[in-house]
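Asks: For reference, the sequence and a predicted model appear below.
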Amino acid sequence: MSSPKRKGSAHERALANKLWDMGLAVLRGCSSGGGVKKRFVPDIVAIGPGFVLVIEAKYRSERGSIRIEGEKVEKLLEFARRARGDAYIAVKFKGDDWRFLPITDKGVIVVRPDDLGSAYTLEQLINKYVSRSLTEYLR
């Protein structure tokens, strides 16, 4: 049986592939936050026309709360700032689709399964940015 880290990596790769198939340029962090001392590497960076998404992806086979330490949130926001992008936590529980929560404030984040009802689906998230960039293009 594969380890939880390996399962998470497989789901990150699948998400990166979906974003690529939707027409975005996608990078998946080779170390995904771990092993890089000097700088933070997010799990996924997705770039579309006029937008950058900086994503921390979390997969769990069991439904439960997911905690992201404040230092990691701060580094995610700093990376997004430098990239002139927006930070998101992507959450997937076994059997569910990916859901995306925007990250705007520093500090510890706890995502509960009930929080995902108001989160973006992948299609909603991409449509939000594509329609925004079309509006800006038409100005």
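Replies: Received it, and whenever you're ready, just let me know what you need. Residues are numbered from 1 along each chain as shown.

Asks: Give me the below-cutoff pLDDT ranges for this protein.
Replies: Where the chain drops to pLDDT under 70, the residues are 1-7, 31-38, 133-139.

Asks: Could you pick out the longest strand of it?
Replies: Counting by DSSP state E, the longest strand found in the chain is strand 51-60.

Asks: Give me the distance from that strand to the chain's centre.
Replies: 1 Å (C-alpha atoms, centre = their mean, to the nearest Å).

Asks: Sheet-wise, list the partners of it with their directions.
Replies: Strand pairing for strand 51-60, determined by DSSP bridges: strand 44-48 (antiparallel), strand 86-93 (parallel).

Asks: any chance of those strands in a markdown table, plus mean neighbour count and distance to Ser9?
Replies: (Each C-beta comes from the backbone N, C-alpha and C, glycine too.) Output for those, formatted as a markdown table (neighbours: other C-beta atoms under 10 Å; distance: least, C-beta to C-beta, whole Å):
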| stretch | mean neighbour count | distance to Ser9 |
| --- | --- | --- |
| strand 44-48 | 20 | 11 |
| strand 86-93 | 22 | 13 |
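
Asks: got these as JSON lines, with distance to Ala119 columns?
Replies: Listed next are the strands paired with strand 51-60 as JSON lines, based on distance: least, C-beta to C-beta, whole Å:
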{"stretch": "strand 44-48", "distance to Ala119": "16"}
{"stretch": "strand 86-93", "distance to Ala119": "7"}
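
Asks: Quick one, which of those gets closest to His11.
Replies: Checking the strands paired with strand 51-60 against His11 by C-beta to C-beta gives strand 86-93 as the closest, at 5.9 Å.
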